[in-house]
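J.: got a predicted model here, sequence first, then my questions.
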Amino acid sequence: MNSPRADNHLAYRLRWKPARQVLRSQVPEGLLDWLLDTASLTRRIQLACDGAFRVRVLEQGWGRPRRDEIAALGMRANERALIRQVQLRCDERVWVYARTIIPHATLTGRQRRLAHLGSRPLGAVLFADPGMRRGPVQVARIQRGQPLYEAACRDRRDRPQEIWGRRSVFRLAGKPLLVAEIPRNDGHLPA
């Protein structure tokens, strides 16, 4: 699902920072509120979308997460995970690209359902679970050439020099999964 060679190259590594360490002046206007929102981004889009909301599944399958994802989840280096990549769309316009890493060990018990979401939004499942715990939000500047940039911008004609994203480790019944979300960084998101 990703190129280990590109993943290992220092220039391609993302530098995820705790949200409180991000300089507000660096983030494009109107985007910081989306990045720092700890509520469900799916729900926020559904409320802001005057048209048809839908989840488009780009890819879902077993693979080896990137090094930074392995570290965030506390996985072993050779451990595989279910990797899900989707777009959250309003009237067929991409508002958010999301990449979810679910370790094999997480997909037991009630959490087996996470492997069978299809086009249902993961956010709805996470935020409906009263036992869900969310770790701190981390933010990153994502640049051209980085694998996450290429995945997030795959359907875009306009390709900015950089985009911004956030990620968090969620825990369901104490079992982790990592969700990275990259909202459109072009000033077209509603406030």
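T.: That came through fine. Residues are numbered from 1 along each chain as shown.
J.: and residue 140, how far from residue 67?
T.: The spacing between residue 140 and residue 67, counted by Cβ to Cβ, to the nearest Å, is 14 Å. No exception for glycine: its C-beta is placed from N, CA and C like everyone else's.
J.: residue 141 now?
T.: From residue 141 over to residue 67 the distance is 18 Å, taken as Cβ to Cβ.
J.: who has more neighbours, the two?
T.: Using other Cβ atoms under 10 Å, the more surrounded residue of residue 141 and residue 67 is residue 141, with 19 against 14.
J.: checking my notes, the more buried one in a helix, right?
T.: No - Residue 141 is assigned strand when assessed by DSSP: H, G, I helix; E, B strand; the rest coil, not a helix.
J.: check contacts around the nearest residue to it once chain neighbours are set aside.
T.: Here the nearest residue to residue 141 in space, its sequence neighbours aside, is residue 162; by Cβ to Cβ, 6 or more residues apart in numbering that works out to 5.4 Å. The neighbours of residue 162, taking Cβ atoms under 8 Å, 6 or more residues apart in numbering as the test, are 141, 142, 143, 144, 149, 185.
J.: what pLDDT does residue 162 get?
T.: We note a pLDDT of 88 for residue 162 in this prediction.
J.: and it, its phi and psi?
T.: The phi and psi values for residue 162, taken as degrees, to the nearest 10, are phi -150, psi 160.
J.: run through the bridge partners of it.
T.: Beta-bridge partners of residue 162, counted by DSSP bridges, are residue 143.
J.: so how far is residue 77 from it?
T.: Counting by Cβ to Cβ, the gap between residue 162 and residue 77 amounts to 29 Å.
J.: which residues are contacting the helix or strand harbouring residue 47?
T.: Element membership for residue 47 (DSSP states H and E) is helix 41-48. Contacts made with helix 41-48 from outside it, assessed by Cβ under 8 Å, 6+ apart, are listed as 34, 37, 53, 88, 90, 95-96, 121-124, 127, 181, 183, 189-190.
J.: export it to CSV, keeping only CA atoms.
T.: Output in CSV follows, covering the C-alpha atoms of helix 41-48 (Å, rounded to 0.1, in the frame of the first residue of the first chain):
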residue,chain,number,x,y,z
LEU,A,41,-15.1,15.8,11.6
THR,A,42,-17.6,13.5,9.8
ARG,A,43,-20.4,15.1,11.8
ARG,A,44,-19.1,18.6,11.2
ILE,A,45,-19.1,17.9,7.4
GLN,A,46,-22.6,16.4,7.5
LEU,A,47,-23.9,19.5,9.3
ALA,A,48,-22.2,21.9,7.0
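J.: could you list the paired strands of the very next helix or strand once past it along with their orientation?
T.: Per DSSP H and E, helix 41-48 leads on to strand 53-63 as the next helix or strand towards the C-terminus. Here the strand partners of strand 53-63, with direction, are listed using DSSP bridges: strand 81-90 (antiparallel).
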